[in-house]
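> Model the structure of this input:
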Amino acid sequence: MNVHSFPPIVDADSRYLILGSMPGVASLRAQRYYWNERNFMWRILYGLFSPGSAPSERYEDRVAFALNHGVALWDVIESCERPGSLDSNIKQVIPNDIPGLLARFPKIGILVCNGTKSHSELNKHFGTDPEVVKRRIIRMPSTSPIPTRDYRGLDDRLAAWRALLEV
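Residues are numbered from 1 along each chain as shown. Down below sits the predicted model:
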C-alpha cells in the first residue's frame, strides 16, 4: 500500500525537529501525528516539558504544546510502500525535503530522530547535505509501543528522551 506523510508542524521559533519515519496506520487514518493511543510520543513530550501533566485530549492543544516548547514534528519519508505500520515493511522511499525545511526555519538546531529507521533514512538521503550536517542529530529510542530489548515502556523511553533537555 502506498502511504504519504503529512505536512510538517513547525513555526519560526522551533528549535527541535522530531523526525519520525512514516506515520502508522492509526495516525494516517486520523491525519494526526502520533495518534495511536499506545504510542508514547505525546506522553514523552508532556513528561519532558510539563512533568506530571497528561497530554490534552484535543490534538490542536497537543500541537500548540509542542510548538510552545520549540518542538516541530515531521517525517523523513514523504511516501513509501508499506502494508501496516511496521518500519521493517517500508519500501520504495521518497524522502521529504528536510534540507528545504531547515533552510526556511534556521532556528532549528537539533534533529531528533524518533527511532532507527528515521535516523537511517535521514543519513541515507541527506547525510552530507549542508543544511543537515550543520545541525546536531540525535537518535532517540522509538516512541512506538512495541517493546525492544532496551526499552520496555514509557518510563525507560522517557528517561532516554530526557537527554534532549541536556543539549
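> Which parts of this structure are helices?
Counting by DSSP state H, one finds helices in the chain at the ranges 25-30, 41-49, 59-68, 98-104, 116-126, 130-133, 154-161.
> can I get the ones you listed in JSON lines with mean pLDDT?
Output for the helices of the chain, formatted as JSON lines (pLDDT from 0 to 100):
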{"stretch": "helix 25-30", "mean pLDDT": "92"}
{"stretch": "helix 41-49", "mean pLDDT": "96"}
{"stretch": "helix 59-68", "mean pLDDT": "98"}
{"stretch": "helix 98-104", "mean pLDDT": "98"}
{"stretch": "helix 116-126", "mean pLDDT": "96"}
{"stretch": "helix 130-133", "mean pLDDT": "98"}
{"stretch": "helix 154-161", "mean pLDDT": "91"}
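> Turn the ones you listed into a markdown table, including distance to Asn2 and mean neighbour count.
(Glycine included, C-beta is placed from N, CA and C.) Output for these, formatted as a markdown table (distance: least, Cβ to Cβ, whole Å; neighbours: other Cβ atoms under 10 Å):
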| stretch | distance to Asn2 | mean neighbour count |
| --- | --- | --- |
| helix 25-30 | 11 | 16 |
| helix 41-49 | 24 | 20 |
| helix 59-68 | 25 | 16 |
| helix 98-104 | 21 | 16 |
| helix 116-126 | 17 | 19 |
| helix 130-133 | 26 | 14 |
| helix 154-161 | 30 | 16 |
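> Let me have the ones you listed in JSON lines, extended by distance to Thr143.
Shown next, in JSON lines, are the helices of the chain (distance: least, Cβ to Cβ, whole Å):
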{"stretch": "helix 25-30", "distance to Thr143": "11"}
{"stretch": "helix 41-49", "distance to Thr143": "4"}
{"stretch": "helix 59-68", "distance to Thr143": "13"}
{"stretch": "helix 98-104", "distance to Thr143": "19"}
{"stretch": "helix 116-126", "distance to Thr143": "11"}
{"stretch": "helix 130-133", "distance to Thr143": "22"}
{"stretch": "helix 154-161", "distance to Thr143": "6"}
